[in-house]
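>>> Fold the following, please.
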Amino acid sequence: MTFEGKIIPEITFMYREGDEKPEEGGCPIGGIWKPTTTDDIFKGKRVIVFSLPGAYTPTCSTYQLPGFEEMYDDFNQKELMRFTVRV
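Okay, here's the model as predicted:
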């Protein structure tokens, strides 16, 4: 599915800022939740938004991510901002 030439709708979502990785390892914690909008990030830019529903799994690494890695130089030449949604 492609939405080439479409405008990303303005929505507000939360992200964490200031997380720090614990010295003992594990998941970064300690940041605060902040609201931002798609316009704050994307407005006036050419972007590629893609989702990795199985991020950090063999399926993702084997079948989903390689195509994006192969196109990395093309994305840069076209001055496209990349934004990944991982769930």
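>>> How about the contacts made by the closest residue to Asp39 other than its chain neighbours?
Computed as CB to CB, 6 or more residues apart in numbering, the closest residue to Asp39 that is not its neighbour in sequence is Glu10, at 4.9 Å. To be clear about C-beta, it is placed using only N, CA and C from the backbone, and glycine gets the same treatment. With contacts defined as CB atoms under 8 Å, 6 or more residues apart in numbering, the neighbours of Glu10 are Thr37, Thr38, Asp39.
>>> Report the lowest-confidence entry in those.
Of all those, Thr38 carries the smallest pLDDT score, 87.
>>> ok, which stretches of the protein are strands?
Secondary structure of the chain (DSSP state E): strands at 12-17, 32-37, 47-52, 81-86.
>>> just so I know, which of the ones you listed lies nearest Gly67?
Closest to Gly67 of the strands of the chain, according to CB to CB: strand 47-52, at 9.5 Å.
>>> Quick check: neighbours of the closest one in the sheet, parallel or antiparallel?
Strand 47-52 has its sheet partners listed here by DSSP bridges as strand 81-86 (parallel).
>>> Residue ranges of each domain in the chain, please.
Described in terms of automatic domain parsing, the domain architecture of the chain consists of the residue ranges 1-44, 45-87.
>>> Mean neighbour count, the strands of the chain: which tops it?
Among those, judged by mean count of other CB atoms under 10 Å, the one packed with the most neighbours on average is strand 47-52 (a mean of 14).
>>> What's the mean pLDDT across it?
This predicted structure assigns strand 47-52 an average pLDDT of 75.
>>> what about dumping the CA coordinates of that strand to PDB?
As requested, C-alpha coordinates have been extracted for strand 47-52 and formatted as PDB (Å, rounded to 0.1, in the frame of the first residue of the first chain):
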ATOM      1  CA  VAL A  47       8.800  11.600   4.700                       C
ATOM      2  CA  ILE A  48       8.600   7.800   4.700                       C
ATOM      3  CA  VAL A  49       6.600   6.400   7.600                       C
ATOM      4  CA  PHE A  50       6.700   2.700   8.100                       C
ATOM      5  CA  SER A  51       5.800   0.300  10.800                       C
ATOM      6  CA  LEU A  52       7.600  -2.800  12.100                       C
END
